[in-house]
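K.L.:
based on what follows, work out the 3D shape:
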Amino acid sequence: MSADAIRAGRTALGIELGSTRIKACLVDADDPANVLAVGSHAWENRYESGLWTYSLDEVWTGLQAAYADLVSDAQQRHGVSPETFDAIGVSAMMHGYLAFDEAGTLLVPFRTWRNTNTGPAAAELTDAFGVNIPLRWSIAHLHQAVVDAESHVPDIRFVTTLAGFVHQRLTGEKVLGVGDASGMFPIDSATGDYDAGMLARYDELAAGRLAVAHVSELLPRVLVAGAPAGALTAEGAALLDPTGALRPGIPFCAPEGDAGTGMVATNAVAPRTGNVSAGTSIFAMVVLEGPLERVHHELDLVTTPSGDAVAMVHCNNGASELAAWAGMFARFAAASGTPLADDAVYETLFQEALEGEADAGGLLAYNHLAGEPIAGLTEGRPLFVRTPDSRFTLANAMRAQLYGVFGTLALGMRVLDDEGVGLDRMFAHGGMFRTAGVAQRFLAGALGAPVSVGDTASEGGAWGIAVLAAYLPHAGDLSLAAYLEDRVFANAAIVTAEPDPADAAGFAAYLDRYRAGLAVEAAAVTAL
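P.N.:
Numbers count the residues shown, from 1 in each chain. Below you'll find the predicted structure:
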């Protein structure tokens, strides 16, 4: 029984700090596909002094709230509250910059992946390394601080990601899963560690400008999936659960980024598999069979949680603008005297989008709330654009908004197509795929490939990191890919949408207009 598993601690807990929600997910350790309880807490980034950030105080209040919500859910569903687990895992949005001094004091406010102020550093590093270094990578943030000679640079003794920071506070261990680490500094897939040659090149580049001789001294130790990553300390238990019910001593898997947990949550860690994760940002991951022929600014080279090379198309802007439109229609429904629950609003609007024209009737929607490097935009300007002869209907408007979520992503995926990268299956996850058969169908048309969605799509990365925690005792016997295939997804309910030819042709026409209309976006950034 589930209650017995919870009472005995035969469970795995996953926690993920996403862009808009902190989520907790409890699974049966023997059957990780069985979700026993969930919890969540809403939070938002803030734009302060020209940079996107979150308060670290909110990290802890949010984690405590999400964990308390999960405990309450377990009590309501099963009549028992958890006090221990087989294993715990922490995941969070990747990249960004958390810099600490010798005493562990944060030196500057957390700089998130969303910031685009690192252009000069990223360009210099790309030239020095011969691989694309995106603006949001931790090394780009660090080097920009070095280039700008920021006053905190001489005091830096440790740099990590949000997942690495939370893991350290809960366990005392300065480690990072290889997938998350690959968004800090380039990884050598042959060694599963930071690329030694590029570390040496950076040491030469930054010589005399850091307080340490080797940049590796500032970075977390890298671990692959299945490697022990410490245990919950008494202080960590009190941080997560101030009630005192949670017991210390619980093993942890390596902390991972949301890209890695998304790959796990969609069974996309083997070569020729891929996944799309849609939230505040949207990104696609494709596990490679071999190296790419050229350097592309649209593509990041990261890794799976096991260290295999992955091409990543990362877009800073995902479904937030779509959510704003849904919120406007929700308010209209309430103002008219017929209020609708959020899920009902999305269901109604998504179903209406199915009635729209295949090319969205000549309408265009840009979801750029923040800068978008793939589109060449340093700042965001969300726009809805039409010409006098566009067919301005609700159905077309909503199809344009859904297409807009996938617009910049499709630009990057076209680069992978040109490289001849093979893809056998693409999985999708994120809240926008909860409405069955709509966003999934449009994404299949946008990519020109089958798109699958599983019944854990809405749990996303919190479930993915719970699965990585459950994998800990099996790592000596099974590869992560085999564990997912044989133990987790063997009986999973998967729904696959094949690309509809009319949708594919319509989206291609939409994308041509979208690409041409980026000039309007650029003008808006300059003018507004």
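K.L.:
in the stretch 251-400 of the chain, which spans are strands?
P.N.:
With DSSP state E, counting those that start in this stretch, the ranges of strands along the stretch 251-400 of the chain come out as 256-257, 273-278, 282-287, 300-303, 309-315, 364-366, 383-385.
K.L.:
point out the most buried one among those strands.
P.N.:
Across the strands of the stretch 251-400 of the chain, the average number of neighbours (mean count of other C-beta atoms under 10 Å) peaks for strand 256-257, which reaches a mean of 34. Quick note: C-beta positions are derived from backbone N, CA and C, even for glycine.
K.L.:
give the pairing partners of it; include direction for each.
P.N.:
Taking DSSP bridges as the criterion, strand 256-257 pairs within the sheet with strand 87-92 (parallel).
K.L.:
quick check: next helix or strand after the partner strand?
P.N.:
Elements were assigned by DSSP states H and E; along the chain past strand 87-92, the next helix or strand is strand 98-100.
K.L.:
which helices and strands does that next one pack with?
P.N.:
Helices and strands touching strand 98-100, as assessed by 3 or more C-beta pairs under 8 Å, 6 or more residues apart in numbering; DSSP states H and E, comprise strand 158-160, helix 162-171.
K.L.:
apply 7 Å and report the result again.
P.N.:
Counting by 3 or more C-beta pairs under 7 Å, 6 or more residues apart in numbering; DSSP states H and E, the packing neighbours recorded for strand 98-100 are strand 158-160.
K.L.:
still on that earlier bit, looking at the strands of the stretch 251-400 of the chain, which is nearest to residue 232?
P.N.:
Checking the strands of the stretch 251-400 of the chain against residue 232 by C-beta to C-beta gives strand 256-257 as the closest, at 17.0 Å.
K.L.:
the most centrally placed residue in the chain - nearest residue in space that isn't next to it in sequence?
P.N.:
What sits nearest the mean C-alpha location of the chain, by C-alpha atoms, centre = their mean, is residue 258, with 3.6 Å. Take residue 258 and drop its neighbours on the chain: the residue closest to it by C-beta to C-beta, 6 or more residues apart in numbering is residue 461, 4.8 Å away.
K.L.:
isn't residue 506 right up against residue 362?
P.N.:
No. Residue 506 sits out of contact with residue 362 when judged by C-beta atoms under 7 Å, with a separation of 11.0 Å.
K.L.:
neighbour-wise, which of these two wins?
P.N.:
residue 506 (22 against 19; other C-beta atoms under 10 Å).
K.L.:
low-confidence ranges, the stretch 401-528 of the chain, go.
P.N.:
For the stretch 401-528 of the chain, the stretches flagged by pLDDT under 70 are 455-459.
K.L.:
at 90 instead, please
P.N.:
416-418, 420-437, 448-449, 453-461, 489-494, 521, 524-528 (pLDDT under 90).
K.L.:
those strands in it, which residues are they?
P.N.:
Counting by DSSP E, counting those that start in this stretch, the segments of the stretch 401-528 of the chain that form strands are 425-429, 451-454, 494-497.
K.L.:
same check, this time on the stretch 51-200 of the chain
P.N.:
Counting by DSSP E, counting those that start in this stretch, the strands of the stretch 51-200 of the chain are 51-53, 87-92, 98-100, 158-160, 175-177, 187-188, 193-194.
K.L.:
determine which stretch of those is the most buried.
P.N.:
Counting by mean count of other C-beta under 10 Å, strand 87-92 has the highest mean neighbour count of the strands of the stretch 51-200 of the chain, with a mean of 31.
K.L.:
and of the strands of the stretch 251-400 of the chain, who's closest to residue 418?
P.N.:
strand 309-315 (12.0 Å).
K.L.:
by contact count, what packs against that closest one?
P.N.:
Strand 309-315 is packed against strand 282-287, strand 300-303, helix 394-419, with contacts defined by 3+ C-beta pairs under 7 Å, 6+ apart.
K.L.:
now do the contacts for the residue nearest to residue 369 when sequence neighbours are not counted.
P.N.:
Spatially, and ignoring its direct neighbours in sequence, residue 369 is nearest to residue 380 (4.5 Å; C-beta to C-beta, 6+ apart). When contacts are counted by C-beta atoms under 7 Å, 6 or more residues apart in numbering, residue 380 is found next to 317, 368-372.
K.L.:
rewinding a little: got a markdown table for the strands of the stretch 51-200 of the chain, with distance to residue 448 and mean pLDDT too?
P.N.:
Rendered in a markdown table, the data for those read as follows (distance: least, C-beta to C-beta, whole Å; pLDDT from 0 to 100):
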| stretch | distance to residue 448 | mean pLDDT |
| --- | --- | --- |
| strand 51-53 | 33 | 94 |
| strand 87-92 | 30 | 98 |
| strand 98-100 | 39 | 98 |
| strand 158-160 | 38 | 98 |
| strand 175-177 | 32 | 98 |
| strand 187-188 | 30 | 95 |
| strand 193-194 | 36 | 98 |
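K.L.:
out of these, nearest to residue 496?
P.N.:
Distances from residue 496 to each of the strands of the stretch 51-200 of the chain were compared by C-beta to C-beta, and the smallest falls on strand 87-92, at 26.0 Å.
K.L.:
keeping just the C-alphas, turn that closest one into PDB.
P.N.:
Taking only C-alpha atoms (Å, rounded to 0.1, in the frame of the first residue of the first chain), the coordinates of strand 87-92 have been written out as PDB:
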ATOM      1  CA  ALA A  87      16.600   9.400  -1.300                       C
ATOM      2  CA  ILE A  88      16.100  13.100  -2.100                       C
ATOM      3  CA  GLY A  89      17.000  15.100  -5.200                       C
ATOM      4  CA  VAL A  90      17.100  18.800  -5.900                       C
ATOM      5  CA  SER A  91      16.800  20.400  -9.300                       C
ATOM      6  CA  ALA A  92      16.400  24.000 -10.400                       C
END
